[in-house]
Each structure stands twice: as C-alpha cells, then as structure tokens.
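# Here is my input, please return the structure:
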Amino acid sequence: MNMANTPKILENKIFLYLTEFFAGMSVMAVELGASRLLAPYFSSSQIVWTIIIGTIMIAMALGNIYGGRSADRDPDPGRLYTRILIAAVWIAAIPAVGKYIIVGISALLIFSVSSNFLIIAAFAACMVIFVFPLFLLGTVTPSLAKYSVGNLEESGKVVGTLGAFNTIGSIIGTFVPTFVTIPSVGTSITFLIFAGILLVLALLYFLSARKAGGSKAADKGGAEGHGKRTDNVHIESGENAGSEGGEATGRNRSSRNRKKIPGTGKALMAVLCYLLCCVLGYSDSFAFWEGNLAYEGESVYNYLQVKENDRSVILSTNVLFGVQSIYMKEQGLTGMYYDYAMAAPLMVTEKAPEDCKVLILGMGTGTYAAQCRKYYGDMDIEGVEIDEKITALAREYFHLPEDVPVTTYDGRAFLNAVDEKYDVIMVDAYQDITIPFQMSSVEFFMLVKAHLAEDGVMVVNMNMRGREEGNINQYLADTISFVFRDVYTVDVAGSTNRELFASDNGAMQKNFDAKRQALEDGALYAMMERTAASLERYVPGEYLLTDDKAPVELLGMQVIDDLIGDEVAYYKRIYEERGLKGLLEVF
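Below you'll find the model as predicted:
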C-alpha cells in the first residue's frame, strides 16, 4: 500500500486490527442472530443449525477468495471499507425485512416442495438473507493482510496478529448476543447494534480519508500556485497578481480534488439507511400478522408468545407449529394431551392419586400440574424447566401455584443430580422437531426408571404421530419398551399427539380400570373412559435410540413433512382447480 496516499487513521496498524476484531465479532453475532430469526419458523434443531453454519461458511469462503484477489488487483482500503459499509446497512435491514422474506419463501415453497420442506425453506432463507453481507465480511481478512504486511520479514507476525484479533472478536461475538443482547433487548436490536459497530468503523475510515485528501489537495494546489515565477522580471503588481492567481488556482484545484474524495456520499447514504432501519426494524414481533398478543419476547432458549382470549391463555414457542401450553380460564379440562396424561396417577399400585409424588420434566407453564391439583387434590408436585422465562410467564399468565416448586435445569441433568423417587414422572420436553436427543435415548429412560418408585409410572407426551415405518414415535416407543416391561399408548383425538405410559408394576391396566370407576368428577370420569377405550398395549419392534445414535431431528423432520403435506393438500387442490384467484378467495 502506498503510504503517501494513506489516510492518517491507517498509519497505525491498530485500526486495521480493530477492523479485524469487530468483523469477527459481527460475523458470530449475525450467525447467532440468524438462529434466533429462523427458530420461530423452522425450530432451533441441529438441522437448522447445520444449515446456518454451512451457509455462513460458504459465504465466508467465497469472501476470502474475492477479498484476496481484489486486494491484489487494487490495494485501496477504501474498497474494503465500502464493502463493510454495505454489509452494515444490509445487516441493519434484516430486522425490518427478514421476517417477511422468511414467510414469503415459506409460502412459495410450501406449494412446490413435497419433502424436506424445512431444509429447503431454511436453506433458501439463509441464502437470501445472510450470504451477501457475510460474503462482504469474508473479504476483510485477506484485504487487511494485504494492507498490513509491510515486508516479508514481518508477514507471519502481522497475519498471526490479525488472526488473533479475529478469533478474540469471534469469541466475544459468541457470548455477548447469547448472554447479553438477545435476552435483554432482543434479536432485532442485536442486529442493529452490530450493524452500527460496522458502520462506525467505515465512517471513521472515510472521515480520515476525507481529511487527508483535502489536506493533500490544498498543499498541492498551493505549491503549484507559488512555485512558478520569472526571475529576470520583477514587477510588484505582476508578482502580486501571479501570487494571487496561484493561490486561486490552488484553491480551485483543492476544491476539485476534495470533490473526488471517495466515500462521502456513500457514508451519508449509509447513515440515513441505517437510521431508517432502526425505525422500521425496532420490533420483536415474529408473528407480525398477530395483533392481540398478550406477550411476545425471547429468552436464552426460546421465542415466546402468549395469546389470550375469553376461554384460554396459550403459550407458543414456535410461530408455525402450534401450542406449547394452555390454561383454561374456567379451569376445566383442556381437550388436549394433558387430559389423557391424567390417567398416569390412576395406574400406580396401592396408592391413591392424591398421595402420589409427581415430577414433571418439561414443566412449561404448568398445565399438567394445575390439572392434577384440581382433580386429584393437594398432590406433591415439582417441575423442571430449563427456561426460567417460561416459568416466570407461568406464574404471571397461567396461574401456576406458588407452592409448586420449579427447578431451572435440564431434565436429564436434574435426574443426575437428585436421589428422589417419584410415583409419576411426566416427560414433556419434546417440541416440534426439536426433540432433545439426550432425553430420547435408552440411557435417559433408564435414568428415569431409576427415579421411579417400585410401582411408579412414566408418562411421555410424544407430539408427532408418523405414518411410515420407522417413524419417530416407533423409535421412542421401542426405546422405552427396551427399558420398561409394560408400555401402553393412546392417540390424542384431534391432534398429532400420542401419550405413552410405561411401568414395571405389571398391573397398570388393572389399576386404571379399578380407580377410574371411583372418580367423582363427571368430566374427568368421561375423559378417563375415553382414554381407556383407546388405550392399547404397545408391541415393541427393534428401533432404538441411544446416546451414541439418536437421529431425532431427521426422524422428526419426516413427520413434519407429512403434517405440512396434510395441511396444504386442501389449498393445493384449490390452486390446481381454480388458480391463484381461487386461492386468494379462500384466504
């Protein structure tokens, strides 16, 4: 790089190192922001993370190649900081337009893709939203290496220092969004914060370049105006005229050169675009079509949405995949899987339901706990919920009793940490395709069994019924059957849920038949009669999930494809018969 034309800010390599630092930080922040932007629509499964990481690595690799070639062809730092400027504006625009792009892509693909919808839609969304700005940030490292290396003797040191600054920035960019910005101000503001950092970097460069260019142009103009004079003829007026003319010429040339200083117009336009994005993108609403939400926000683990109507309060942790928890204001039965799970305390041998000790892994908003308390009396119930914000919402919106303790912990880690025995353990930690593999394996269910009383019962909410051989429910049921002697299942009417009951007491069905006859509440009695009519002993196969091999995301995705296919089949028929106009009429 020609140091004679270098802005003052680049004369010290610290600014270049800081550029590398903040570029690395911003890449990781955008990656984590991408996961939060996509999760409410496509889940936060390993599949989605793989798509995000793969897409970003593609963008960075292409950026590295282009950045190196561009720096060799034209070693002008202004080109790099222009790219950073564009990346900043693009990232700032993501909160304003990203959600609409995701929904638009999903709407287009849902009618044209018959399988692997989540993979294709998530990949397409990543390509459209994130590839370009991260490609631009991928050009930073090779460009800075070109500008920073002064001679071969120090090349290794300089490149190593650049790599260290990038790595440290990436580390900080990993922790700050996860533990600071996203939980406190949300995903949208997180994008705006890191876009602002990149914008400031570029503005500092262009301001320095403008000052340096203006100063050098003035010096050059002044030198040209004063440097030409005839030594043989000395006329005062002519000398003065020449001097004044030279000064005027210098000023004119300085003025012309200042107009050519790069980046001034671009920088101003970028600032205006950023401010516009701040106004339009200041929103934490992922379900932008909803107008009456009681609460919408984010936690470290989830997107959270509370919807309230005259009859119920509903918690959703995913925009597209339905209800996670529900509270009925009349405090009756929900009509959902919680009602079927009420059979578990009736299956315990020689113990009245009100005397059972219950553990709920995946407490959610406490619907199951509230129903057990209402219909079975003052039961001893405790819950485990990894997301403390859900617990806070449970207390505020869903009337979870204050005397029901909830431990903020992973369900499996909790079992490893306690020695208690329980009569009923409810496993309800499965959401859409984000089934925690560590809570679906043989090893996990053996741990559950170790914490059950001798005649205790485990009830599992399996929330996706598959039709094809080797579906996720078969894997889970076969895995549980490998651990427990007696396994029964019942399909939840009007939903995709299936409840599974497992025990080694040998008298589950007998206990249930006897105890449900003694129920005094008419609604609960009718519900248990309906459950008994559909209850079936499960005949196990040989599908097993282990800690070493549990492809729950792929299995879950297969079921999601079936569910999506069922949902859109009606609209596809309308589109095929009546075209787009007919489809719009339906909506």
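# Where does the prediction get shaky in the stretch 301-450 of the chain?
Low-confidence segments of the stretch 301-450 of the chain, defined by pLDDT under 70: 318-323, 431-434.
# quick one, strands of this structure?
Here the chain has its strands, by DSSP state E, at 293-298, 303-308, 312-316, 325-328, 357-361, 380-384, 406-407, 422-427, 452-462, 486-491, 498-503, 536-537.
# Residue 442 and residue 549 touch, don't they?
No. If you go by Cβ atoms under 8 Å, residue 442 and residue 549 don't touch, sitting 10.3 Å apart. For every residue, glycine as well, the C-beta is placed using N, CA and C.
# The two: who's more crowded?
Taking residue 442 and residue 549 together and counting by other Cβ atoms under 10 Å, residue 442 has the greater number of neighbours (18 against 9).
# Tell me how far the more buried one lies from residue 459.
With distances defined as Cβ to Cβ, to the nearest Å, the gap from residue 442 to residue 459 amounts to 18 Å.
# where does the stretch 1-150 of the chain dip in pLDDT?
Of all residues in the stretch 1-150 of the chain, those with pLDDT under 70 make up the ranges 1-6, 111, 113-114, 150.
# Also the stretch 151-300 of the chain?
In the predicted model of the stretch 151-300 of the chain, residues 151-153, 211-263, 282-291 satisfy pLDDT under 70.
# Residue 487 contacts residue 500, correct?
Yes. In this structure, residue 487 sits in contact with residue 500. The criterion is Cβ under 8 Å, and the distance is 6.4 Å.
# Find the residues that touch each one of those two.
Between them, residue 487 and residue 500 share these contacting residues under Cβ atoms under 8 Å, 6 or more residues apart in numbering: 477, 480, 538.
# From residue 460, how far out is the last one?
Pointing back at residue 538 there. Taken as Cβ to Cβ, the span from residue 538 to residue 460 is 11 Å.
# if you count what's nearby, which of the two comes out ahead?
Relative neighbour count places residue 460 above the other of residue 538 and residue 460, with 28 against 19, counting by other Cβ under 10 Å.
# Name whatever forms a beta bridge with the more buried one.
residue 427, residue 500 (DSSP bridges).
# Could you pull up the residues touching it?
With the criterion set at Cβ under 8 Å, 6+ apart, residue 460 makes contact with 426-428, 476, 480, 499-500, 502.
# Please work out how many residues are found near residue 200.
When neighbours are defined as other Cβ under 10 Å, residue 200 has 12 of them.
# Make CSV out of the contacts of residue 460 and add neighbour count.
Rendered in CSV, the data for the contacts of residue 460 read as follows (neighbours: other Cβ atoms under 10 Å):
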residue, neighbour count
426, 26
427, 24
428, 24
476, 25
480, 27
499, 26
500, 22
502, 29
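# Reformat those residues as TSV; add distance to residue 78.
Rendered in TSV, the data for the contacts of residue 460 read as follows (distance: Cβ to Cβ, whole Å):
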residue	distance to residue 78
426	62
427	59
428	57
476	58
480	63
499	64
500	64
502	67
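# Closest to residue 576 out of those residues?
For residue 576, the nearest member of the contacts of residue 460 is residue 476. The distance, counting by Cβ to Cβ, is 36.3 Å.
# Setting aside sequence neighbours, what's the nearest residue to the closest one?
If you skip the residues right next to it in sequence, residue 476 has residue 462 as its closest partner in space, 5.6 Å away by Cβ to Cβ, 6 or more residues apart in numbering.
# cool, residue 204 as well?
With sequence-adjacent residues excluded and distances taken as Cβ to Cβ, 6+ apart, residue 204 is closest to residue 9, at 6.2 Å.
# Could you double-check that the one you found lies in contact with residue 15?
Yes. Under the criterion of Cβ under 8 Å, residue 9 makes contact with residue 15 at 5.1 Å.
# what's the overlap in contacts for those two?
Residues touching both residue 9 and residue 15 comprise 204-205, with contact defined as Cβ under 8 Å, 6+ apart.
# any idea how far residue 332 is from residue 573?
From residue 332 over to residue 573 the distance is 37 Å, taken as Cβ to Cβ.
# Show me which of these two is the more surrounded one.
Between residue 332 and residue 573, counted using other Cβ under 10 Å, the more crowded position is residue 332 (15 against 11).
# Per-residue pLDDT of the nearest residue to the more buried one once chain neighbours are set aside, please?
Spatial nearest neighbour of residue 332, excluding adjacent residues (Cβ to Cβ, 6+ apart): residue 523 at 6.3 Å. pLDDT recorded at residue 523 is 93.
# Could you check how far residue 523 is from residue 196?
When distance is defined by Cβ to Cβ, residue 523 is 56 Å away from residue 196.
# Of those two, give the one with the bigger neighbour count.
Set side by side, residue 523 and residue 196 give different neighbour counts by other Cβ under 10 Å, the larger being at residue 196 (16 against 12).
# Spatially nearest residue to that one, not counting backbone neighbours?
By the measure of Cβ to Cβ, 6+ apart, the closest residue to residue 196 outside its immediate chain neighbours is residue 274, 6.9 Å from it.
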